[in-house]
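Provide a 3D model corresponding to the input given below.
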Amino acid sequence: MRMRSISGLPTTFSSAAALLTITFALGLPVCAQQGSGNASTGKSLTVPAGVRAKLDKLEGELKAAQAADDEKATAAALNGIGDFYFNISEYEKALDSYGRALTQAQAAKDAHEEAMALNGTAGCYVEQNKAEKAAETYQKALDLTKASGDASGQAATVD
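Numbers count the residues shown, from 1 in each chain. A predicted model of the protein is given here:
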């Protein structure tokens, strides 16, 4: 299975501890069993600075693109945020970012970013065991890249 990669982040996690650390770093809900006592006792988990810094950087790029009213850059930043969440298995958050990226890319008439948003969306569907939706969405991305002559987009879609 293909994993979308983000520079500086692993595409797979070798242990549950790594995933828990990233989940905690992003302030995401943690299972209410073992780890839930940490909040009430004042203990904190070690947060890898690089993980939080990567999301902060992506969110900064998004804010700058929005401030400049740059739809293409906004779509690219949203796709990057979607990729970030995809890589930490937060598929609903990834889908939200990819959906917003798709809207921006369509408004900007940017076929490449539109295809990347569709490709990311399809990847989330694969991870959620929604094979039919994934296949339909991958096909839309492939059709778009073929129509626009985007060879790198085609390669990313069929990878």
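
make it CA atoms for all contacts and neighbour counts henceforth
Noted.

Worst mean pLDDT across the helices and strands of the protein, which element?
Least confident helix or strand of the chain, by mean pLDDT, DSSP states H and E, is helix 37-41 with a mean of 40.

Can you name the next helix or strand after it?
helix 49-67 (DSSP states H and E).

buried residues in that next one?
Counting neighbours by 16 or more other C-alpha atoms under 10 Å, one finds that the buried residues in helix 49-67 are Val51, Lys54, Leu55, Leu58, Glu59, Glu61, Leu62, Ala65, Gln66.

which of those residues sit farthest apart?
Val51 and Gln66 (23.0 Å; C-alpha to C-alpha).

wouldn't Leu62 be in contact with Ala77 here?
Yes: if you go by C-alpha atoms under 8 Å, Leu62 and Ala77 touch, sitting 5.1 Å apart.

Show me the domain layout of this structure.
13-47, 50-158 (automatic domain parsing).

These: lowest mean pLDDT?
Of all these, domain 13-47 carries the lowest average pLDDT, namely a mean of 42.

Please enumerate the helices of the chain.
16-25, 37-41, 49-67, 71-87, 91-108, 111-127, 131-148, 151-158 (DSSP state H).

tally of neighbours for the residue lying closest to Leu144 once chain neighbours are set aside?
Sequence neighbours aside, Ala115 is the residue nearest to Leu144 in space, at 6.3 Å (criterion: C-alpha to C-alpha, 6 or more residues apart in numbering). Ala115 is flanked by 29 other residues according to other C-alpha atoms under 10 Å.

From Glu136, how far off is Lys130?
Using C-alpha to C-alpha, to the nearest Å, we find Lys130 at a distance of 10 Å from Glu136.

State the distance from the residue nearest to Leu118 when sequence neighbours are not counted to Thr121.
Nearest non-adjacent residue to Leu118, counting by C-alpha to C-alpha, 6+ apart: Ala141, 5.5 Å away. Taking C-alpha to C-alpha as the measure, Ala141 falls 10 Å from Thr121.

Show me the common contact partners of these two, please.
Common contacts of Ala141 and Thr121 (C-alpha atoms under 8 Å, 6 or more residues apart in numbering): none found.
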